[in-house]
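Trainee: Generate a structure from the sequence data that follows.
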Amino acid sequence: MDQVGSSGSRRITYDARGLAEPHAEVPKVSEIDAGRAVFDAAKLTTRQINLELRWLIYEQGVRDVTVLNPGAKHSIGVGILQRCKIRFAGSLGYFGLGVIDGPEVIIEGRVGWSVCENMMSGVVVIEKNAGSLTGAAIRGGDLVIKGSVGARTGVDQKGATILVGGDAGAVTGFMMQRGRIVICGNAGPSLGDSMYDGTIYVGGRVASLGIDCIEGEWTDADTEFIDRKFRIYGMDKPSSFQKFVCGKQLYNYDNLEPAERKLVL
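Mentor: Predicted structure coming up:
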């Protein structure tokens with residue numbers, strides 16, 4: 001399938017998956033110099049921005065890209081499976097940077113819902129706030145939000161570290177399976193609800209704990225981990241943290257009698 005590019009003169013050919021074919025012509029609007037590239041996304045569609053990123057990273061071998069004026073567009077930077085550096089000079093909308101594996105990304109603004117969903121590895125640093133479902137089903141790498149995050153951050157988290165400089169919304173860590181969540185500020189209601197494993201650290205107040213989330217015993221390994229992460233990202237660390245883990249009372253939930261379930265819950 002062919003589609004006319006933004007200039008009206010270039011055509012983009014897509015394969016059955018909706019991706020640009022290997023040798024297809026894409027909107028080449030970047031300025032490339034010594035392995036670095038910059039392009040202005042103000043007048044580009046989401047598809048054109050993603051095609052430009054793929055063309056730079058996969059075909060031109062560029063490993064340092066700056067995207068100007070992303071304009072809070074949705075689904076930007078998804079599916080990048082390569083070690084590289086990407087800087088977004090602005091904000092992203094919903095579902096940004098989903099299913100990435102390897103990039104180091106800096107977002108100078110804020111992001112909407114579901115940033116870094118299913119992220120496999122790499123580092124993403126968001127300079128301002130993030131919406132709900134931040135880091136959903138994340139598996140590896142570091143996701144750093146210097147501002148606050150919305151509800152259900154780290155839902156179904158399977159690994160990685162999520163570091164929040166501000167507050168976190170309700171049901172953060174819901175059904176968490178592995179990994180760590182560090183919250184410098186306050187946590188909303190039902191923290192760690194139905195978590196199976198992993199660790200949550202909170203520097204401020206906790207509105208309430210979710211089902212089977214309990215306070216854990218602090219160890220030297222926790223101190224080393226916290227100190228290392230804050231040193232890496234140059235962030236101010238709260239004077240103290242509370243540690244929360246899974247109480248493991250729901251591991252055999254399906255085998256309990258109804259009366260026993262009431263006692264557990």
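Trainee: just the helices in the chain please.
Mentor: Here the chain has its helices, by DSSP state H, at 46-54, 220-233, 258-264.
Trainee: Most tightly packed of the ones you listed?
Mentor: When you average the neighbours per residue for each of the helices of the chain (mean count of other CB atoms under 10 Å), helix 46-54 leads with a mean of 21. Heads up, the C-betas are built off the backbone N, CA and C, glycines and all.
Trainee: right, and the helices of the chain - which one's nearest residue 123?
Mentor: helix 220-233 (8.9 Å; CB to CB).
Trainee: For the closest one, output the C-alpha coordinates as PDB.
Mentor: Taking C-alpha atoms only, helix 220-233 is exported to PDB below (Å, rounded to 0.1, in the frame of the first residue of the first chain):
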ATOM      1  CA  ASP A 220      21.500  -3.600  53.700                       C
ATOM      2  CA  ALA A 221      20.600  -4.700  50.100                       C
ATOM      3  CA  ASP A 222      17.700  -2.200  50.200                       C
ATOM      4  CA  THR A 223      20.000   0.600  51.300                       C
ATOM      5  CA  GLU A 224      22.500  -0.200  48.600                       C
ATOM      6  CA  PHE A 225      19.800  -0.300  45.900                       C
ATOM      7  CA  ILE A 226      18.200   3.000  46.900                       C
ATOM      8  CA  ASP A 227      21.500   4.800  47.200                       C
ATOM      9  CA  ARG A 228      22.700   3.500  43.800                       C
ATOM     10  CA  LYS A 229      19.600   4.500  41.900                       C
ATOM     11  CA  PHE A 230      19.400   8.000  43.300                       C
ATOM     12  CA  ARG A 231      23.100   8.500  42.700                       C
ATOM     13  CA  ILE A 232      22.700   7.400  39.000                       C
ATOM     14  CA  TYR A 233      19.900   9.800  38.300                       C
END
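Trainee: didn't residue 196 look like it was pressed against residue 177?
Mentor: Yes: under the criterion of CB atoms under 8 Å, residue 196 makes contact with residue 177 at 5.0 Å.
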